[in-house]
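Asks: can't give you the sequence, but here's the structure:
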């Protein structure tokens, strides 16, 4: 086997093991990991040991494993998820304080919406969204908004594909999907009632910057009742514009400068940003322990 | 080379490439990645291609790369970071609404505090903490609190090690460190003035459950001024107790049941939890696109 394909193959096996842990999975035994990853037990044993040695998995009690801190630490460097979430959160907080239901931020990933942030409340309505979980584009108001601003080829692909219909009100076919997406493009928002659960209404708007690029969909999940949707749409639209401005401000600020840029998507105080600029990247990192 | 060590070696090389991206790093060119990872350019080229194929890196514009969505998605399954953060956030929001400065949550990782969440405000004081970045235990009030509840052997190791002293007020030596940690153990909190920046005061309390296990430190970074610290300590203590109760409620709820448990650390509405219980894990996951 050539060296390149050996590396690729090792990586894909490690990812199969990590992929055994889903958004609702707790810790797993070695046998559960082997079964979920469709790997022989001996192979799973070796891969789990390798991943645990690097801190990507960590042992929990007796012979169980869960994803480890090191994996999470590496992933905080993902500007398109961790950084976007950090900038969006203050705006999401504003919407959440008013609506007191679920407020969520989703990005396009393949044929799904991948949800990167969600604020909820104990008495909020049923909502299938989990942070880090996916929902097929046609099932979600956020998905319709993302499709409305995606290349036409993606809509063709999705329309030709299949999706679950958890309720009778879910979008049934390609024709209905195209009509809903056209509405979302025309209106600048999407509202979808009872597509995943009979009780729940999704409302979403795009996070769209001044160049017309769509970074995410900002959505609310609320009960289906007599409450007018217009105020929620307006609130979401104001917040989405605020997120887009934050994105442009940071991407046009430190990150646009030549040399080693600071992380573009960072929400902290002005005094802290000035402090980081002055110190430079290397000094900031020296604050960690020297012998670790 | 035996198969086991080949896999281990492939994993460690992939992680060296991902490790080139730090908490303040933007996107990088291939040469920058090779330099940061101390790898030959040809090796870096191959590894970057492998990681990009799996979505762990993603291309940005012309010949630049950044950590990809897939990496972040896998990391959302990390209960000790992503799950803990999700449960803690509502409590952090309560403290933040009162103090209007930086509120942060850190966990013990090696000889560092690894910060997993932070709320800030534009006018807040200087604060070196970044989500996903580390600060040596002796430099941070959160670190003192974590050391106060860690095994004595860890304190011995840290006291025997070295740490930066960004200011003259930073803890100077092992004797001073041991005294400060003893204070934190006695008082149930730590206050550290000007240890990282002359203007900033750290205040931290442990998140400690009813079994005495410490899960994290909850801290505030505020200006050094005449404001009494006692109200902040009390607010942090109440919030830390709330986080600990949330942790115990979820860990003792769905996750403790036999069979395939729901993810233990999940903050959503009661109606949503009931819905997930009813559906089961597999149905929830089927909401993603079938052909993706």
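Replies: Structure's in. What do you need? Predicted model only: the values in this text are computed from it and were never measured.
Asks: and the spatially most central residue of chain A, what does it touch?
Replies: Nearest to the geometric centre of chain A sits residue A:116, at 2.5 Å (Cα atoms, centre = their mean). Residues near residue A:116 by Cβ atoms under 8 Å, 6 or more residues apart in numbering or on different chains: A:81-82, A:84-85, A:105-107, A:131-132, A:216, B:72. Using the backbone N, CA and C atoms, a C-beta is placed for each residue, glycine as well.
Asks: And it, its phi and psi?
Replies: phi -110, psi -10 (degrees, to the nearest 10).
Asks: still on that earlier bit, out of the contacts of residue A:116, list just those in strands.
Replies: A:105-107, A:216 (DSSP state E).
Asks: And the strands in the stretch 101-250 of chain A?
Replies: Assigned by DSSP state E, counting those that start in this stretch, the strands in the stretch 101-250 of chain A fall at A:102-109, A:112-119, A:134-136, A:190-193, A:200-208, A:214-223.
Asks: Mind listing what's buried along the longest one?
Replies: Buried residues in strand A:214-223, counted by 16 or more other Cβ atoms under 10 Å in any protein chain shown: A:214-222.
Asks: what's the closest of the residues you listed to chain B?
Replies: The shortest gap between chain B and any of these belongs to residue A:221, at 9.1 Å (Cβ to the nearest Cβ).
Asks: Correct me if wrong: that closest one contacts residue A:199.
Replies: No: between residue A:221 and residue A:199 there is no contact under Cβ atoms under 8 Å: 9.9 Å.
Asks: joint contacts of the two?
Replies: residue A:125.
Asks: what sits against residue A:36?
Replies: A:19-20, A:28.
Asks: What count of nearby residues applies to residue A:186?
Replies: If you count neighbours by other Cβ atoms under 10 Å in any protein chain shown, residue A:186 ends up with 9.
Asks: Please apply the same query to the one 4 residues further on.
Replies: When neighbours are counted by other Cβ under 10 Å, residue A:190 registers 27.
Asks: That one and residue A:241, how far apart?
Replies: Using Cβ to Cβ, to the nearest Å, residue A:190 is found at 17 Å from residue A:241.
Asks: likewise residue A:230?
Replies: From residue A:230 across to residue A:241, the span is 17 Å (Cβ to Cβ).
Asks: Also residue A:287?
Replies: Distance from residue A:287 to residue A:241, counting by Cβ to Cβ: 36 Å.
Asks: more crowded one of those two?
Replies: residue A:287 (22 against 17).
Asks: Does that one touch residue B:135 like I think?
Replies: Yes: judged on Cβ under 8 Å, residue A:287 makes contact with residue B:135 at a distance of 4.8 Å.
Asks: what sits opposite the spatially closest residue to residue A:113 that is not a sequence neighbour in the beta ladder?
Replies: In space, and not counting its chain neighbours, residue A:113 is closest to residue A:106: 3.9 Å by Cβ to Cβ, 6 or more residues apart in numbering or on different chains. Following DSSP bridges, residue A:106 is listed with bridge partners residue A:115, residue A:217.
Asks: Please verify my assumption that residue A:106 contacts residue A:147.
Replies: No: using Cβ under 8 Å, residue A:106 is not in contact with residue A:147; the gap is 11.8 Å.
Asks: Tell me the residues of the stretch 101-250 of chain A that contact chain B?
Replies: Counting by Cβ under 8 Å from any Cβ of the partner chain, the residues of the stretch 101-250 of chain A close to chain B are A:102, A:107, A:109-112, A:114, A:116, A:118-128, A:130-137, A:139, A:158, A:161-164, A:166, A:196-197, A:199.
Asks: Recalculate using a threshold of 7 Å.
Replies: Taking Cβ under 7 Å from any Cβ of the partner chain as the criterion, the stretch 101-250 of chain A approaches chain B at residues A:107, A:109-112, A:114, A:120-128, A:131-132, A:134-137, A:139, A:161-164, A:166, A:196-197.
Asks: If any of the residues you listed are buried, put those into a ChimeraX selection.
Replies: The ChimeraX command for the buried members of those (criterion: 16+ other Cβ under 10 Å) is given here:
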select /A:107,109,110,111,112,114,120,121,124,125,126,127,128,131,132,134,135,136,137,139,161,163,164,166,196,197
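Asks: What's the local residue count around residue A:234?
Replies: Residues within reach of residue A:234, counting by other Cβ under 10 Å, total 12.
Asks: Tell me the confidence at it?
Replies: Residue A:234 carries a pLDDT value of 97.
Asks: Also the one 3 residues further on?
Replies: Predicted confidence (pLDDT) for residue A:237: 98.
Asks: With residue A:254 instead?
Replies: pLDDT, residue A:254: 40.
Asks: wait, what's in contact with residue A:143?
Replies: In this structure, residue A:143 makes contact with A:113, A:135-137, judged by Cβ atoms under 7 Å, 6 or more residues apart in numbering or on different chains.
Asks: ok, 6 Å please
Replies: Residue A:143 makes contacts with A:113, A:137, as judged by Cβ atoms under 6 Å, 6 or more residues apart in numbering or on different chains.
Asks: what pLDDT does it get?
Replies: 98.
Asks: cool, and residue A:4?
Replies: 57.
Asks: Next: residue A:61.
Replies: 78.
Asks: so how many other residues sit close to it?
Replies: Counted with other Cβ under 10 Å, residues neighbouring residue A:61 total 7.
Asks: Distance of it relative to chain B?
Replies: Distance of residue A:61 to chain B, computed by Cβ to the nearest Cβ, to the nearest Å: 12 Å.
Asks: Can you list the buried residues in the one helix or strand residue A:17 maps to?
Replies: Assessed by DSSP states H and E, residue A:17 sits inside helix A:3-18. Within helix A:3-18, the residues scored as buried using 16+ other Cβ under 10 Å are A:7-8, A:10-11, A:13-18.
Asks: Quick check: end-to-end length of stretch A:191-199?
Replies: 14 Å (Cα to Cα, to the nearest Å).
Asks: Show me what residue of the stretch 101-250 of chain A gets nearest to chain B.
Replies: Taking Cβ to the nearest Cβ as the measure, the point where the stretch 101-250 of chain A comes nearest chain B is residue A:132, at 2.6 Å.
Asks: got the phi/psi numbers for that residue?
Replies: Residue A:132 adopts backbone torsions of phi 90, psi 0, taken as degrees, to the nearest 10.
Asks: per-residue pLDDT, it?
Replies: pLDDT, residue A:132: 88.
Asks: Which residue comes closest to it once chain neighbours are left out?
Replies: Spatially, and ignoring its direct neighbours in sequence, residue A:132 is nearest to residue B:76 (2.6 Å; Cβ to Cβ, 6+ apart).
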